[in-house]
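Engineer: okay, predicted coordinates and the sequence, questions at the end:
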Amino acid sequence: MMVHDNFSQWMELDVITINKGFCEARCVVKEEMLNGFGILHEGISYSISDSLLAFASNAYGFKCVSIETSISHTRSVKPNETLIARCTEIHRGKTIGIYTVDIYDGLDKLVSKFKGSVLISKDEW
């Protein structure tokens, strides 16, 4: 998936591990990822989470698409900080999967908590 995921490539998302229902990645905050206050734009932490949701849920080999997501941001992030994100499967049924993504800063402090649900198709990819 990463080969065709231009946005994850633009973020320079470095995937560390992908297993069925799990993904871990890191990303260094670049200047162009900052908002008007000079801190990480919350859309970037959302995008990192959304990418990990896709990687973890699709690791089974069946096409999954998100159907509901939400995120809570707990602290600000400055440029050049390294973020570590972990997606964990909470539940996977026949048609619905539920996942969480936690993003941590370089001090191992929680930056955001994301929850996402996916629709699992029978189509292989």
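Structural biologist: Arrived safely, thanks for sending.
Engineer: show me the longest helix that occurs in the chain.
Structural biologist: Looking across the chain with DSSP state H, the single longest helix is helix 42-58.
Engineer: next SSE after it?
Structural biologist: Past helix 42-58, further along toward the C-terminus, the next helix or strand under DSSP states H and E is strand 62-73.
Engineer: for that next one, give the mean pLDDT please.
Structural biologist: Strand 62-73 carries an average pLDDT of 98.
Engineer: just checking, what packs against it?
Structural biologist: Secondary-structure packing of strand 62-73 (3 or more CB pairs under 8 Å, 6 or more residues apart in numbering; DSSP states H and E): helix 42-58, strand 110-124. Bear in mind the C-beta positions are built from the backbone N, C-alpha and C, glycine included.
Engineer: my guess is residue 104 contacts residue 77, does it?
Structural biologist: No: between residue 104 and residue 77 there is no contact under CB atoms under 8 Å: 10.2 Å.
Engineer: so residue 15 sits against residue 23, correct?
Structural biologist: Yes: between residue 15 and residue 23 there is a contact at 6.8 Å, judged by CB under 8 Å.
Engineer: just to revisit the earlier point, now the angle from the longest helix of the chain to strand 62-73?
Structural biologist: With axes from the mean of the first three to the mean of the last three CA atoms, to 10 degrees as the basis, helix 42-58 and strand 62-73 are set at 150 degrees to each other.
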